[in-house]
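Novice: fold the stuff below for me.
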Amino acid sequence: MTGSLRAPQAAVFVAVLTCVAFLNSFGGFFVYDDVHEIQRNPAMERLVPPWDAMFVGNRLPARPLPYLTFAIDHALWGTRPFGYHITNLLVHVIAALALFDLVRLTLLSPRLRGRWGDRAVPLAMVIAMIWAVHPLQTQAVTYIYQRIESMTGMFCLVSLTAFARAASLGWPRRLLVGSVTAAAAAMASKENAVVLPLLILAYDWFFVTAGPGPENHSTWSRGLWSRRGYYLLLAATWGILGLVLLSQQRRYQEFQELKHSPVSYLLTQSEVILHYLRLAILPIGQRFDYGSWPVAGSLRDVWPSFSAVAALVVATVVGTALRRPWAWLGVMFFLVLAPTSSIMPVEAVANEHRMYLALAPVVAGLVLAVTAAFDRFDHRLSEPAEASGPATPMQQASPGQRAPPDHRAAAIAAGMVILLLVVATQIRNQAYATPTGIWLDLLRQDKENFRAYWMMASALDNEGDPEFATAMAEEAIRRHPKCTVLSELAKYHMSVGNPELAEYYTRFGYDLIRKLRPSHEKVVQGSTIDLATVLRKRGEFAEMKALCEQVLTLKDQGHDLHPPVEIAAILLLADYEKIQSNLARADDLTMKALALARGSVPLVDSNALNAACLRADVLLQRGHGDEARIILAEFVRALRAVPRRSPEQEHFLNLFLKMLRESGSL
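Specialist: Modelled structure (predicted):
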């Protein structure tokens, strides 16, 4: 590596190589969350008003800026994945360029200029290249939905880079404003951006104020005070994240029920972090999903890995207190992973896309360490010889002095590593090239992973093979009885007008789950109501009625009923009585269902909305218009108070308003 390479040239090399590594990702299909959050999400089908797409997730919490880009892609490309992959790659290229500039500016900072300044550009180029083409990045780049992760990482890197550039140029306001703007965009992209202000504060501590140690703390404090306006605005971006969390809180699985205790999750993360580091160094054995990762029961289960990670954390803390530049790499690594690899029990114990930004300090540390080792080796070779005999080329540079280090060996080594990583990334991208490819790859490594069977069933159903799809679904349910694969397939086919196949899937699921689990368990209750709902839509009322009564009988036997299941069962029976013109009985049942909904679910929940709709309809048919209008008005107010209504909520709002108009209230 030589110092003759200019920054614009290096940036072009980084961008081109990144595109080469991910060029074959364009053939990838929609997989997993892509399907229901992009391909089948009604909110993606319209760009006006834009906040519908930004704040309405189909099943998962919506992240505003990534979801807006999904909607823009949908407007441009429809449901053809090719265009979405272009956007994903563009985001990744921008992130790689931002990382290049951040590393370059950092190596040119007062703290590091004397050691690395003459090679800042080539070193930054190599670090950015390795980071960008590493196969560990495929889940965040090739998997379309994880644009959420790469966009967050991109905005974090842009914000950090703008701050570093501002520090090098005397704090121009435009760069500080750009840093805050990028931070706000990161907060609107994903929750793990919460650590960004702390990252910038740490960067300020390590690299902005000159001086090798903590004795310059007062100087740094004065500089920090002079930048108080910037940091106040930076902290204010947390408010954006707070608003997003508030608007989406019902969709976060972590807020609904904890899958693991905080202590067990923390202990487990020690093994996960070491696994991430192993993949960063040796990216072999990657998995799309780690659903079968065992959760630690006690410290005894994971003490070797916990001790190793604890030692790294302690070293980072000590290095930070002493203001050693190398400690910045540890701070960045652990801070970036903190939202998902600490005490907050996230449903998925491990995911490779979480290393998108955390990979940067690992790569930087390895590249700088290897470069330093090459330097030491070169210096040993260049020691002047006292023995007689002809001088070597290194010794001929100047009598009694070392020759300049020869960086060709380091450059060749870096080139070989980058080439191998490009090939590995392109091989990994091929797993996304067919609808079942990524799941077959996962099953080869983990035959017990229920999600792989689940997604195989969905993919095979899309390919028109329901028999094989049910075989895969059966494997998923046997491994995880709470798996809703057949229910979801049935709902999809009912929505597209294929009730026969919907009944086939629900009946198969109902028969299977009854063999596996006791009849009173929630999963069996749900499967029973799923079948009853499909039968109602097919007009098979006798069996539907029997299934609903079967569920409600469980309560008489002393078993707890899941409130949504109980509400649905009562409403199905009420609807049946209404069809039979037994309005008095329907009145009693809808009153009971609505009371239960009021006490167990929010008013804007689909169960409550269904109960209110049927209750009002029965009341109107019985001539109790005043009572019906009171209920309708109450639910209209509740729906209008929702800042970002889902398509289903919008449907009910329009329906309630129509019923009010027809009843003479409007």
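Novice: use CA for all of it now, contacts and neighbours both
Specialist: OK.
Novice: can you list the domains in this protein?
Specialist: Per automatic domain parsing, the domain ranges recorded for the chain read 7-369, 449-542, 562-666.
Novice: could you export those domains as JSON lines, including mean pLDDT?
Specialist: Compiled in JSON lines, the domains of the chain are given as follows (pLDDT from 0 to 100):
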{"stretch": "domain 7-369", "mean pLDDT": "92"}
{"stretch": "domain 449-542", "mean pLDDT": "91"}
{"stretch": "domain 562-666", "mean pLDDT": "91"}
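Novice: can you redo those domains as CSV with distance to Lys555 and mean neighbour count?
Specialist: Shown next, in CSV, are the domains of the chain (distance: least, C-alpha to C-alpha, whole Å; neighbours: other C-alpha atoms under 10 Å):
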stretch, distance to Lys555, mean neighbour count
domain 7-369, 23, 20
domain 449-542, 9, 20
domain 562-666, 9, 18
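Novice: and these as TSV, adding distance to Tyr432?
Specialist: Putting these into TSV (distance: least, C-alpha to C-alpha, whole Å) gives the following:
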stretch	distance to Tyr432
domain 7-369	5
domain 449-542	12
domain 562-666	30
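Novice: out of these, nearest to Ala411?
Specialist: In terms of C-alpha to C-alpha, the element of the domains of the chain nearest to Ala411 is domain 7-369, at 9.0 Å.
Novice: so which of the domains of the chain comes closest to Asp375?
Specialist: Comparing these by C-alpha to C-alpha, domain 7-369 comes nearest, at 9.9 Å.
Novice: could you say what helices and strands the helix or strand where Leu531 lies packs with?
Specialist: Using DSSP states H and E, Leu531 falls within helix 522-538. Helix 522-538 sits against helix 485-495, helix 499-516, helix 541-556, helix 563-579, with contacts defined as 3 or more C-alpha pairs under 8 Å, 6 or more residues apart in numbering; DSSP states H and E.
Novice: packing partners of the third one?
Specialist: To tie it back to what came earlier, the one meant is helix 541-556. Using 3+ C-alpha pairs under 8 Å, 6+ apart: helix 541-556 touches helix 522-538, helix 563-579.
Novice: returning to that earlier point: which stretch among the helices and strands packed on helix 522-538 comes nearest Trp238?
Specialist: Nearest to Trp238, of those and by C-alpha to C-alpha, is helix 563-579 at 34.7 Å.
Novice: hey, what's the angle from that closest one to helix 541-556? Just curious.
Specialist: 140 degrees (axes from the mean of the first three to the mean of the last three C-alpha atoms, to 10 degrees).
Novice: the nearest residue to His480 once chain neighbours are set aside and Arg147, how far apart?
Specialist: Closest residue to His480 apart from its sequence neighbours, by C-alpha to C-alpha, 6 or more residues apart in numbering: Phe450 at 6.3 Å. Using C-alpha to C-alpha, to the nearest Å, Phe450 is found at 24 Å from Arg147.
Novice: same thing with Asp588?
Specialist: For Asp588 relative to Arg147 (C-alpha to C-alpha), the value is 50 Å.
Novice: got the phi/psi numbers for Pro602?
Specialist: phi -60, psi 160 (degrees, to the nearest 10).
Novice: residues touching the residue nearest to it when sequence neighbours are not counted, list them.
Specialist: Nearest in space to Pro602, with sequence neighbours left out and distances taken as C-alpha to C-alpha, 6+ apart, is Ala608 at 7.1 Å. By C-alpha atoms under 8 Å, 6 or more residues apart in numbering, the residues touching Ala608 are Leu594, Ala597, Arg598, Val601, Pro602.
Novice: distance from the strand or helix carrying the first one to the middle of the chain?
Specialist: Here Leu594, judged by DSSP H and E, is contained in helix 583-600. Put simply, helix 583-600 sits 39 Å off its chain's centre (C-alpha atoms, centre = their mean, to the nearest Å).
Novice: what's the angle from it to helix 563-579?
Specialist: Going by the same axes, to 10 degrees, helix 583-600 makes 160 degrees with helix 563-579.
Novice: quick one: list the elements packing against helix 583-600.
Specialist: Short answer (3+ C-alpha pairs under 8 Å, 6+ apart): helix 583-600 packs on helix 563-579, helix 606-621.
Novice: for that helix, which outside residues touch it?
Specialist: 563-564, 567, 570-571, 573-575, 577-578, 603, 607-608, 611-612, 614-615, 618-619, 621-622.
Novice: now do stretch 229-242
Specialist: For stretch 229-242, the external contacting residues (C-alpha under 8 Å, 6+ apart) are Leu176, Val177, Val180, Ala183, Ala184, Met187, Ala188, Glu191, Val194, Pro197.
Novice: could I get these as TSV with secondary structure and distance to Leu246?
Specialist: Below are the contacts of stretch 229-242 laid out as TSV (DSSP: H, G, I helix; E, B strand; the rest coil; distance: C-alpha to C-alpha, whole Å):
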residue	secondary structure	distance to Leu246
Leu176	helix	28
Val177	helix	26
Val180	helix	22
Ala183	helix	19
Ala184	helix	16
Met187	helix	13
Ala188	coil	12
Glu191	helix	12
Val194	helix	15
Pro197	helix	20
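Novice: name the nearest of those relative to Met456.
Specialist: Glu191 (29.7 Å).
Novice: can you tell me how far that closest one is from Ile86?
Specialist: According to C-alpha to C-alpha, Glu191 and Ile86 sit 24 Å apart.
Novice: tell me who's in contact with Leu516.
Specialist: So Leu516 contacts Arg478, Pro481 (C-alpha under 8 Å, 6+ apart).
Novice: mind doing that once more with 7 Å?
Specialist: Shown in contact with Leu516 (C-alpha atoms under 7 Å, 6 or more residues apart in numbering): no residues.
Novice: how far away is it from Arg479?
Specialist: Distance from Leu516 to Arg479, by C-alpha to C-alpha: 10 Å.
Novice: ditto for Ala327
Specialist: To Arg479, Ala327 is 44 Å away according to C-alpha to C-alpha.
Novice: what of Val313?
Specialist: 37 Å.
Novice: ok so, going back, got TSV for the helices and strands packed on helix 541-556, with distance to Ser218 too?
Specialist: Shown next, in TSV, are these (distance: least, C-alpha to C-alpha, whole Å):
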stretch	distance to Ser218
helix 522-538	61
helix 563-579	60
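Novice: looking at the ones you listed, which is nearest to Gly57?
Specialist: Smallest distance to Gly57 across the helices and strands packed on helix 541-556 (C-alpha to C-alpha): 20.6 Å, for helix 563-579.
Novice: next, the angle helix 522-538 makes with that closest one.
Specialist: Relative orientation of helix 563-579 and helix 522-538, computed by the same axes, to 10 degrees: 20 degrees.
Novice: could you check the angle helix 606-621 makes with helix 563-579?
Specialist: Here helix 563-579 runs at an angle of 20 degrees relative to helix 606-621 (the same axes, to 10 degrees).
Novice: contacts for helix 563-579?
Specialist: Applying C-alpha under 7 Å, 6+ apart, the contact partners of helix 563-579 are 525-526, 529, 545, 548, 552, 583, 585-586, 589-590, 593, 596-597, 600, 607, 611.
Novice: recalculate using a threshold of 8 Å.
Specialist: 525-526, 529, 532-533, 536, 541, 545, 548-549, 551-552, 583, 585-587, 589-590, 592-594, 596-597, 600, 607, 610-611, 614, 618.
Novice: likewise for stretch 450-457?
Specialist: Stretch 450-457 is contacted from outside by 32, 289, 291, 436, 439-440, 442-443, 468-473, 475-477, 479-480, 483, 485, using C-alpha under 8 Å, 6+ apart.
Novice: again with stretch 194-210
Specialist: 106, 109-111, 156, 160, 163-164, 167, 183, 187, 216, 219-220, 223, 231, 234-235, 238, 241, 320, 323-325, 328, 331-332, 335-336.
Novice: just the ones of those residues in helices?
Specialist: The helices, defined by DSSP state H, take in 106, 156, 160, 163-164, 167, 183, 187, 219-220, 223, 231, 234-235, 238, 241, 320, 328, 331-332, 335-336 from the contacts of stretch 194-210.
Novice: can you dump the C-alpha coordinates of stretch 91-102 into PDB?
Specialist: This file holds the C-alpha atoms of stretch 91-102, laid out as PDB (Å, rounded to 0.1, in the frame of the first residue of the first chain):
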ATOM      1  CA  VAL A  91     -27.800   2.100   0.300                       C
ATOM      2  CA  HIS A  92     -24.800  -0.300   0.900                       C
ATOM      3  CA  VAL A  93     -22.500   1.600  -1.500                       C
ATOM      4  CA  ILE A  94     -23.300   4.900   0.300                       C
ATOM      5  CA  ALA A  95     -22.600   3.200   3.600                       C
ATOM      6  CA  ALA A  96     -19.300   1.900   2.300                       C
ATOM      7  CA  LEU A  97     -18.200   5.300   1.000                       C
ATOM      8  CA  ALA A  98     -19.100   6.900   4.300                       C
ATOM      9  CA  LEU A  99     -17.100   4.300   6.200                       C
ATOM     10  CA  PHE A 100     -14.100   4.900   3.900                       C
ATOM     11  CA  ASP A 101     -14.200   8.600   4.600                       C
ATOM     12  CA  LEU A 102     -14.700   8.100   8.300                       C
END
